[in-house]
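Enquirer: fold the following.
(2 chains)
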Number of protein chains: 2
Amino acid sequence: MDPLTTWKSVPEVNQMGYEEFVTVFGNVVEHCSLVAAAVWKFRPFKDVRHLHEEICIFIDQLPTAGGEGILRLHPDLAGRAAREATLTSESNREQRAAGLTDLTHEEKMQLTRMNDSYRSKFGFPFVICARRNKKEAIMEGIRSRLKNSPEVELHKGLGEVKKICYLRLLDLVEHEGVESRL
Amino acid sequence: MDPLTTWKSVPEVNQMGYEEFVTVFGNVVEHCSLVAAAVWKFRPFKDVRHLHEEICIFIDQLPTAGGEGILRLHPDLAGRAAREATLTSESNREQRAAGLTDLTHEEKMQLTRMNDSYRSKFGFPFVICARRNKKEAIMEGIRSRLKNSPEVELHKGLGEVKKICYLRLLDLVEHEGVESRL
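Expert: Just a heads-up that it's a prediction; the model follows:
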């Protein structure tokens, strides 16, 4: 679909009831519609950036288990959900854009091993904004982030969640005059 | 399905990776898989009651917007989702058990009006544990709760969410020797 024909204007967003709002924005954080359900109350939003800020504030206010929970709702990169074609359409597009659907057999094995190490060390999956990274940067990212502490990785992972969320919001809401980069 | 054949034992629950855990428990709080994703880290659970306690603690730690968000992920009783057959299987069964699928035309109109008043006053829907109440008690409940303050209703609504959650957990996990009432 052409984004221009499906973008919501900010006034349209501000007039949505919570059910419509959750339907439209329920996956700006992967599988976590609570985020949209929570920030709906902060309308009216000045612009898409303002909406994103409220989402970031909400994420930062969650107890530690909640932040980890957000990460756990994300699929592994080039992982089982990709192989079994059960990715959300957003994730599918993002992983494709990063070149993760064109990995060689060797790269796939390597990424799977690193994903497994990461999950077993941290108890949540490696999350990175795939639209802002190509496969080489992603492979290098997981290799180097594996060395971090759980606290650092929780923080880094949620930082990536916020970037992913911003790009997903830009796909949904008109944003003339708003920076497309954070 | 016969619950006896599908119940998980507590040791089975404690051995689940987070993906399986979220698959099994992702709707014990309606449409809010974050709850399961968050409390997974608190394994091993002693019993189903312990799992429920961790869920309650997590809900209580959410910022106000998060508690309201949880309520907003619930459907109206005998509302649009019921009419359009888009209820989760759990909600469908619960609303049926309370007799909400057998309302007269007049009762439906009355409940719709009260649901609308409730949502417009509080910004979230009226939530009540339908398996613990019959339609008369539900109609009376919404009528009297409409008079409460938003703070009281947030607290009451989340109390009902916790009861619904407990009954859904009992449908999923073996619980010999554990009280079936909270």
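Enquirer: enumerate every residue touching the closest residue to residue A:98 other than its chain neighbours.
Expert: Spatial nearest neighbour of residue A:98, excluding adjacent residues (C-beta to C-beta, 6 or more residues apart in numbering or on different chains): residue A:130 at 3.9 Å. C-beta here means a position set from N, CA and C on the backbone, and glycine is covered the same way. For residue A:130, the contact set (C-beta atoms under 8 Å, 6 or more residues apart in numbering or on different chains) comprises A:77, A:94-95, A:97-98, A:100, A:138, A:164.
Enquirer: by mean pLDDT, point me to the weakest helix or strand of chain A.
Expert: helix A:3-6 (a mean of 61; mean pLDDT, DSSP states H and E).
Enquirer: so residue A:66 makes contact with residue B:36?
Expert: No - counting by C-beta atoms under 8 Å, residue B:36 is not a contact partner of residue A:66; they are 11.7 Å apart.
Enquirer: list residues touching both of the two?
Expert: With C-beta under 8 Å, 6+ apart, residue A:66 and residue B:36 have no common neighbours.
Enquirer: tally of neighbours for residue A:84?
Expert: Neighbour count of residue A:84, defined by other C-beta atoms under 10 Å in any protein chain shown: 8.
Enquirer: run through chain A and note the low-pLDDT ranges.
Expert: By pLDDT under 70, the low-scoring segments of chain A are A:1-5.
Enquirer: where is the longest helix in it?
Expert: Longest helix in chain A, counting residues (DSSP state H): helix A:150-170.
Enquirer: what lies in contact with it?
Expert: If you take C-beta under 8 Å, 6+ apart as the criterion, helix A:150-170 is touched by A:25, A:27-30, A:35, A:48, A:51-52, A:55-56, A:59-60, A:64, A:67-68, A:70-71, A:74, A:90, A:94, A:121-124, A:126-132, A:145, A:148, A:180, A:182.
Enquirer: may I see the ChimeraX selection of the buried members of those?
Expert: Listed next is the ChimeraX selection for buried residues among those, using 16 or more other C-beta atoms under 10 Å in any protein chain shown:
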select /A:25,27,28,29,30,35,48,51,52,55,56,59,67,68,70,71,74,90,94,122,123,124,126,127,128,129,130,131,132,145
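Enquirer: returning to what we had before: and the contacts of residue A:130, which are buried?
Expert: Buried among these (16+ other C-beta under 10 Å): A:77, A:94-95, A:98, A:100, A:138, A:164.
Enquirer: ok, which pair from those residues is furthest apart?
Expert: Spatially, the most separated pair among the buried ones among the contacts of residue A:130 is A:100 and A:164, at 14.0 Å (C-beta to C-beta).
Enquirer: all helices for chain A, in order.
Expert: Going by DSSP H, chain A shows helices at A:3-6, A:10-14, A:18-25, A:33-39, A:48-61, A:64-72, A:80-83, A:89-97, A:105-122, A:135-145, A:150-170.
Enquirer: tell me what the third one is packed against?
Expert: For helix A:18-25, the packing partners by 3 or more C-beta pairs under 8 Å, 6 or more residues apart in numbering or on different chains; DSSP states H and E come out as helix A:33-39, helix B:64-72.
Enquirer: return the set of buried residues in it.
Expert: Within helix A:18-25, the residues scored as buried using 16+ other C-beta under 10 Å are A:18-19, A:21-22, A:24-25.
Enquirer: what does chain A put close to chain B?
Expert: Neighbours of chain B within chain A, by C-beta under 8 Å from any C-beta of the partner chain: A:18-19, A:22, A:31-42, A:58, A:61-63, A:65-66, A:68-70, A:72-73, A:123-124.
Enquirer: and the buried ones among these, selectable in PyMOL?
Expert: Command for PyMOL that selects the buried part of the residues of chain A next to chain B, burial taken from 16+ other C-beta under 10 Å:
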select buried, chain A and resi 18+19+22+31+32+33+34+35+36+37+38+39+40+41+58+61+62+63+65+66+68+69+70+72+73+123+124
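Enquirer: can you list the buried residues in stretch A:153-166?
Expert: A:153-154, A:156-166.
Enquirer: got JSON lines for those, with distance to residue B:172 too?
Expert: Output for the buried residues of stretch A:153-166, formatted as JSON lines (distance: C-beta to C-beta, whole Å):
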{"residue": "A:153", "distance to residue B:172": "31"}
{"residue": "A:154", "distance to residue B:172": "28"}
{"residue": "A:156", "distance to residue B:172": "34"}
{"residue": "A:157", "distance to residue B:172": "29"}
{"residue": "A:158", "distance to residue B:172": "29"}
{"residue": "A:159", "distance to residue B:172": "34"}
{"residue": "A:160", "distance to residue B:172": "32"}
{"residue": "A:161", "distance to residue B:172": "28"}
{"residue": "A:162", "distance to residue B:172": "33"}
{"residue": "A:163", "distance to residue B:172": "35"}
{"residue": "A:164", "distance to residue B:172": "31"}
{"residue": "A:165", "distance to residue B:172": "31"}
{"residue": "A:166", "distance to residue B:172": "36"}
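Enquirer: check those and tell me the two furthest apart.
Expert: The distance between the two most remote of the buried residues of stretch A:153-166 (C-beta to C-beta) is 20.3 Å, for A:153 and A:166.
Enquirer: quick revisit: mind checking how far the residue nearest to residue A:98 is from residue A:104?
Expert: Distance, residue A:130 to residue A:104, by C-beta to C-beta, to the nearest Å: 18 Å.
Enquirer: not counting its neighbours along the chain, what's nearest residue A:175?
Expert: Distances taken as C-beta to C-beta, 6+ apart put residue A:48 closest to residue A:175, at 4.6 Å, once the chain neighbours are dropped.
Enquirer: thinking the one you found is in contact with residue A:9, fair?
Expert: No - applying C-beta under 8 Å, one finds residue A:48 not in contact with residue A:9, separated by 10.4 Å.
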